[in-house]
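Novice: got a sequence here, can you build the structure:
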Amino acid sequence: MIDTDYTFGTSDDPFGGQDNRLDYRLTARARVSLELEASYPEPRGMPCAYGRELACGVRDLSAGGLRLTSEEQLAAGALLPAAVSLGNETEPFRLTVEVIWCRPDGTGYLVGVRIIECIQTEYVEWTEAVASAMEAL
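Specialist: Just a heads-up that it's a prediction; the model follows:
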């Protein structure tokens, strides 16, 4: 990551809106892929069933959450595996996110997700990467 990939907050954030994160937020060049349906291995003689992923844009991010742009409405409370690619990092961070809120925004949706601390994910690496990006600003 380089420091030109990030800025603090966004100018279009309404004060007191639905985004209630306590952490500083960064706007960043990032991409998120949410796993909406899991794939499963091919049983003998049967075709493989492929999962379904949703590519989302990132409005802003913090160590504890993300505000995404989505083409699909997502249900509040849903727990989803996510792959988050930041700037020029080579590998995406594998995380688990919880949908906190989802609201219409133009032709798509704005979605607030919270990153769940989980030992099977790259939660620690994520928080370190976000902290490094903030230090570089």
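
Novice: give me the buried positions along the longest strand seen in the chain.
Specialist: Assignment by DSSP state E gives strand 93-105 as the longest strand of the chain. The neighbour-count check on strand 93-105 (16 or more other Cβ atoms under 10 Å) flags 93-97, 99-102 as buried. C-beta: built from backbone N, CA, C; applies to glycine.

Novice: Provide a list of residues in contact with Leu80.
Specialist: 34-36, 74, 96-99, 113 (Cβ atoms under 8 Å, 6 or more residues apart in numbering).

Novice: closest to Cys56 among those residues?
Specialist: Leu34 (6.2 Å; Cβ to Cβ).

Novice: would you check which pair of the buried residues of strand 93-105 lies furthest apart?
Specialist: Across those (Cβ to Cβ), the longest gap, 23.3 Å, separates Arg94 and Trp101.

Novice: next, format the buried residues of strand 93-105 as TSV and append distance to Val58.
Specialist: As requested, the buried residues of strand 93-105 are exported to TSV (distance: Cβ to Cβ, whole Å):
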residue	distance to Val58
Phe93	12
Arg94	16
Leu95	13
Thr96	17
Val97	12
Val99	15
Ile100	15
Trp101	16
Cys102	15
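
Novice: can you list the residue ranges for helices in the chain?
Specialist: For the chain, the helices defined by DSSP state H cover 123-136.

Novice: can you show me the strands along it?
Specialist: Going by DSSP E, the chain shows strands at 6-8, 26-28, 30-37, 52-61, 65-70, 79-86, 93-105, 108-116.

Novice: circling back: adjacent strands (with direction) for the longest strand of the chain?
Specialist: strand 79-86 (antiparallel), strand 108-116 (antiparallel) (DSSP bridges).
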